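Asks: quick one, structure for this:
(2 chains)
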Number of protein chains: 2
Amino acid sequence: MTAHPSSVAVLGPGLMGGSLLMALRRRMPGTKLAAWARRDDALKELKDRGLADVVSIDPAKVVESSEIVVFCVPVENMTSLAESVAGVVGPATLVTDVGSVKGQVVRELEEVFAVHRNFVGSHPMCGSEEAGLAAAREDLYEGAVCAVTPSEKSRPDRVAAASDFWSALGARVITLSPEQHDRAAAMVSHVPHVAASALVETVFASEPVCRTMCAGGFRDTTRVASGAPDLWTGILSSNRAEVARGIGCLIDSLQSIRIALENNDTTRVSDFLRSAAEHRAQIVGQRAT
Amino acid sequence: MTAHPSSVAVLGPGLMGGSLLMALRRRMPGTKLAAWARRDDALKELKDRGLADVVSIDPAKVVESSEIVVFCVPVENMTSLAESVAGVVGPATLVTDVGSVKGQVVRELEEVFAVHRNFVGSHPMCGSEEAGLAAAREDLYEGAVCAVTPSEKSRPDRVAAASDFWSALGARVITLSPEQHDRAAAMVSHVPHVAASALVETVFASEPVCRTMCAGGFRDTTRVASGAPDLWTGILSSNRAEVARGIGCLIDSLQSIRIALENNDTTRVSDFLRSAAEHRAQIVGQRAT
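Replies: Just a heads-up that it's a prediction; the model follows:
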């Protein structure tokens, strides 16, 4: 247990950033909160709701003198935003992020913040298909797994500070290399997103009556496909090698079941379904929520 | 609007059959309810909860003198159960079912009930990964799409009676041929089940850290994979040609995105995600729930 930071700057008050401000306000009431957004109206709302003490459309003003800086913008916007504030980030500041892809982000932001080695990557695994400040919730991070992803260039004290920060917000921190993270995130999040989208598109390309017949199972299976297309284009593109590899694994699995069905191999189909149901219980059962 | 049936027999009080008894009790209070189950304890529970007036482990006793008979057993058990009661089903009785596959079931049960042409197939699209009487709910059928699937052998008055029956329980009835139904059900339900199971298996075959990182999106996308393996083996096997075809469509879609990612074709990825998000909104948005 360490002392709370005196000040935190959150850049980008969407689902992740807005929820972060709410969680910080609740869990660290003495901490000064600063927020940057591209638009005035978002900043006005943060002020009106008491979710930030300092707001500005100038990221440098928000970042300067903050003990911890958290980038909560889409992965493809991280680097340019980081470059715009690098000059005012002090030597003692921890810089982290909430991006869904870590290899590219860590590589680029370590470069931007190379002088003081401020940056350590983070990925709290609690996004959803919803987006924006309107969807933010103060308990978003509670019980969520948060990957902290040091590289060989990371300062150990900063890695510890990033872990403490997320732990203090109720997240369950795991430590992975950026590469391990991206491979795993492809399998558990990025490939399922592609699969959900592909299921929607195959149904939509089929007879129109299919649309009428979509029930609860279809809704759940494809829910993530309603995620913001721009955000997810950035995520998939930034992790494209691992996602492509993971799609290949999924295709292999689907192909084996297609062949089993064509061969009327009921035992193989049964074994597959039983194994998947048991493995899902193991995976989901080990989660707190 | 037609008069309620004087008596309904429900064979198999699981999620579908148990919910049907609950809905009938509530919506048709004057109707005599009869229930068959394989096990005495399920029948005792139905009696104790006031969900059936007549119960028996002898299906013929339950079926005789019932105006409507509904088979709520797994698709692979339908035909043998139907054969065991065919001799006592009167000429005026409507026989229907709740099976997730219609081609094979309709073909076989029309044969069993050929003398009086009692049978018309039905598929209320409201199953879930839960199973058994414990998961039953009296509102399961309310707002659900229910496919009624006449063949060219069906008696029009029986088709109308089946439609009226499900409508009276709050379902939204659509009429399809068994073949149309099975093709559509493959796309909207059976292929998504296979995809969800395949996603679980690809994650489980990956680095163990993947299991720790599974979050809400993964849980939703794979929820249906927790469905009863035996039940789903029967469903997939009974509809194997259409499911195999649908898996092929899904593989083609996944393959095209894999190639786009490998080629760093961001426009193609973006178009795909945007199209899927928009199409999902159209599909899900047209549903009442």
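
Asks: hang on, residue A:155 packs against residue A:114?
Replies: No. Residue A:155 is beyond contact range of residue A:114, at 11.6 Å (criterion: CB atoms under 8 Å). Bear in mind the C-beta positions are built from the backbone N, C-alpha and C, glycine included.

Asks: between the two, which has more neighbouring residues?
Replies: Residue environment comparison for residue A:155 versus residue A:114 gives the larger neighbour count to residue A:155, 15 against 12, counting by other CB atoms under 10 Å in any protein chain shown.

Asks: and that one, what does it touch?
Replies: With contact set as CB atoms under 8 Å, 6 or more residues apart in numbering or on different chains, residue A:155 has these partners: A:117, A:120.

Asks: hey, where'd the helices end up in the stretch 101-250 of chain A?
Replies: If you assign secondary structure with DSSP state H, counting those that start in this stretch, the helices in the stretch 101-250 of chain A sit at A:103-112, A:156-168, A:178-185, A:191-204, A:209-213, A:216-221, A:229-238, A:240-262.

Asks: model confidence over the shortest one, on average?
Replies: If you average the pLDDT over helix A:209-213, you get 92.

Asks: the helices of the stretch 101-250 of chain A into a markdown table, with extra columns for distance to residue B:56 and mean neighbour count?
Replies: Below are these laid out as a markdown table (distance: least, CB to CB, whole Å; neighbours: other CB atoms under 10 Å in any protein chain shown):
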| stretch | distance to residue B:56 | mean neighbour count |
| --- | --- | --- |
| helix A:103-112 | 65 | 21 |
| helix A:156-168 | 60 | 19 |
| helix A:178-185 | 54 | 23 |
| helix A:191-204 | 42 | 27 |
| helix A:209-213 | 35 | 20 |
| helix A:216-221 | 33 | 22 |
| helix A:229-238 | 55 | 22 |
| helix A:240-262 | 37 | 20 |
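
Asks: for the residue nearest the centre of chain A, what are its contacts?
Replies: For chain A, the residue whose C-alpha lies nearest the mean C-alpha position (CA atoms, centre = their mean) is residue A:100; its distance is 3.8 Å. By CB under 8 Å, 6+ apart, the residues touching residue A:100 are A:75, A:123, A:127, A:185, A:189-190, A:235, A:239.

Asks: what two of those residues are the furthest from one another?
Replies: Every pair in the contacts of residue A:100 was compared (CB to CB); the two farthest apart turn out to be A:127 and A:239, at 14.2 Å.

Asks: so which of the contacts of residue A:100 comes closest to residue A:58?
Replies: Closest to residue A:58, out of all of the contacts of residue A:100 and judged by CB to CB, is residue A:75, at 22.4 Å.

Asks: which members of the contacts of residue A:100 additionally contact chain B?
Replies: Among these, the residues lying close to chain B (CB under 8 Å from any CB of the partner chain) are A:127, A:185, A:189.

Asks: which of those residues lies closest to chain B?
Replies: Nearest to chain B among those is residue A:189, at 5.9 Å by CB to the nearest CB.

Asks: count the residues that sit near the closest one.
Replies: One way to gauge burial is a neighbour count; for residue A:189, by other CB under 10 Å, it gives 28.

Asks: from residue B:201, how far out is it?
Replies: 16 Å (CB to CB, to the nearest Å).

Asks: equivalent analysis for residue A:214, please.
Replies: From residue A:214 to residue B:201 the distance is 24 Å (CB to CB).

Asks: and if you look at residue A:139?
Replies: Counting by CB to CB, the gap between residue A:139 and residue B:201 amounts to 32 Å.

Asks: what's the answer for residue A:113, then?
Replies: Going from residue A:113 to residue B:201 by CB to CB gives 40 Å.

Asks: residues contacting residue A:169?
Replies: A:20, A:23-24, A:27, A:141-142.

Asks: by neighbours, which of those wins?
Replies: Looking at those with neighbours defined as other CB under 10 Å, the largest count falls to residue A:20 at 28 neighbours.

Asks: burial of residue A:275, as a residue count?
Replies: Using other CB under 10 Å, residue A:275 has 16 other residues around it.

Asks: shouldn't it be within a helix?
Replies: Yes. Judged by DSSP: H, G, I helix; E, B strand; the rest coil, residue A:275 forms part of a helix.

Asks: now it: closest residue in space, sequence neighbours ignored.
Replies: Nearest residue to residue A:275 in three dimensions, chain neighbours excluded: residue B:201, at 6.5 Å (CB to CB, 6 or more residues apart in numbering or on different chains).

Asks: low-confidence stretches in chain A?
Replies: With pLDDT under 70 as the threshold, chain A has low-confidence stretches at A:1-2, A:286-289.

Asks: what's the closest of the ones next to chain B among the contacts of residue A:100 to residue A:41?
Replies: Sorting the ones next to chain B among the contacts of residue A:100 by how near they are to residue A:41, with CB to CB, puts residue A:127 at the top with 22.9 Å.

Asks: next, count neighbours for the residue of the stretch 1-150 of chain A at minimum distance from chain B.
Replies: For the stretch 1-150 of chain A, the residue closest to chain B is residue A:125, as judged by CB to the nearest CB, at 4.1 Å. The criterion is other CB under 10 Å. On that basis, residue A:125 has 25 neighbouring residues.

Asks: so it touches residue A:141, yeah?
Replies: No. Taking CB under 8 Å as the contact criterion, residue A:125 and residue A:141 are not neighbours in contact, 9.9 Å apart.

Asks: for residue A:57, phi and psi?
Replies: Note on residue A:57: backbone dihedrals following degrees, to the nearest 10 are phi -90, psi 0.

Asks: show me what contacts it?
Replies: When contacts are counted by CB under 8 Å, 6+ apart, residue A:57 touches A:36-40, A:43.

Asks: next one: residue A:120
Replies: By CB under 8 Å, 6+ apart, residue A:120 lies in contact with A:94-96, A:148-150, A:154-155, A:158-159, A:161-162.

Asks: which residues of the stretch 1-150 of chain A lie near chain B?
Replies: A:125-129, A:144-145, A:147.

Asks: could you tell me which of the residues you listed belong to strands?
Replies: Among the residues of the stretch 1-150 of chain A next to chain B, the members falling in strands (DSSP state E) are A:145, A:147.

Asks: would you turn the residues of the stretch 1-150 of chain A next to chain B into TSV with distance to residue B:263?
Replies: Written out in TSV, the entries for the residues of the stretch 1-150 of chain A next to chain B read as follows (distance: CB to CB, whole Å):
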residue	distance to residue B:263
A:125	29
A:126	32
A:127	27
A:128	30
A:129	27
A:144	34
A:145	32
A:147	28
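
Asks: if we take the residues of the stretch 1-150 of chain A next to chain B, which one ends up nearest to residue A:231?
Replies: Residue A:231 has its nearest neighbour among the residues of the stretch 1-150 of chain A next to chain B in residue A:127, at 8.6 Å by CB to CB.

Asks: distance of the closest one relative to residue A:30?
Replies: Note on residue A:127: its distance to residue A:30, by CB to CB, is 28 Å.

Asks: more neighbours: which of these two?
Replies: Each of residue A:127 and residue A:30 had its neighbours counted (other CB under 10 Å), and the higher figure belongs to residue A:127 (27 against 8).

Asks: you'd agree the more buried one is up against residue A:15?
Replies: Yes. Taking contact to mean CB under 8 Å, the distance of 6.6 Å between residue A:127 and residue A:15 places them in contact.

Asks: I'd like to know which of the contacts of residue A:57 is nearest to residue A:246.
Replies: For the contacts of residue A:57, the closest approach to residue A:246 (CB to CB) belongs to residue A:38, at 32.4 Å.
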